[in-house]
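Trainee: Sequence first, then the predicted structure, then my questions.
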Amino acid sequence: MTWESVNLLENRRKLPIVSCCYVIYFDGELKYIGSTNSLRNRFSGHSIRYGYGKELITPWGEFSQDTNIIIKYKPSTKYGDWLMRECRLIKRIQPSFNQKLKGGKNALL
């Protein structure tokens, strides 16, 4: 299976119910890698809204209203495969929103 792509702000309600590893791009820059057993349920729980100053408020921070948020996901039918893919990608790419510093060292690696 190949990676599928969805514009989050335009097609949020059309996200599929699939187990997958996903990556989030903000204006073309990869910022976050995650995995889930239901992509639609994962993003329906996130509060993504416009603020009073027309900024876009997301769980990952505040962005300008014209920010392009793209979700790329790779579905998997094999249980746990998406979690292992997530771990390998985080270790290799180290996206900025996946970094949790604890005592000066990366807690994820």
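Mentor: Great, that's in hand.
Trainee: which ones are touching the residue lying closest to L83 once chain neighbours are set aside?
Mentor: Counting by Cβ to Cβ, 6 or more residues apart in numbering, L83 lies nearest to S35, which is 5.0 Å off, once chain neighbours are set aside. Where you see a C-beta, it was placed from the backbone N, CA and C, and this is true even at glycine. Neighbour list for S35: C20, C21, Y22, W82, L83, R85, E86 [criterion: Cβ atoms under 8 Å, 6 or more residues apart in numbering].
Trainee: again, but for W60
Mentor: W60 neighbours (Cβ under 8 Å, 6+ apart): I24, F26, K31, Y32, F97.
Trainee: Surely the second one is in contact with I69?
Mentor: Yes. Under the criterion of Cβ atoms under 8 Å, F26 lies in contact with I69, with a separation of 5.9 Å.
Trainee: intersection of neighbour lists for the two?
Mentor: With Cβ under 8 Å, 6+ apart as the test, F26 and I69 both reach F63.
Trainee: Name the residues of stretch 86-105 that are buried.
Mentor: E86, L89, I90, P95, N98 (16 or more other Cβ atoms under 10 Å).
Trainee: what does stretch 24-31 give?
Mentor: Under the neighbour-count criterion of 16+ other Cβ under 10 Å, stretch 24-31 has I24, Y25, F26, L30, K31 buried.
Trainee: now swap in stretch 6-14 and tell me
Mentor: In terms of neighbour count (16+ other Cβ under 10 Å), stretch 6-14 has its buried residues at V6, L8, L9, R12.
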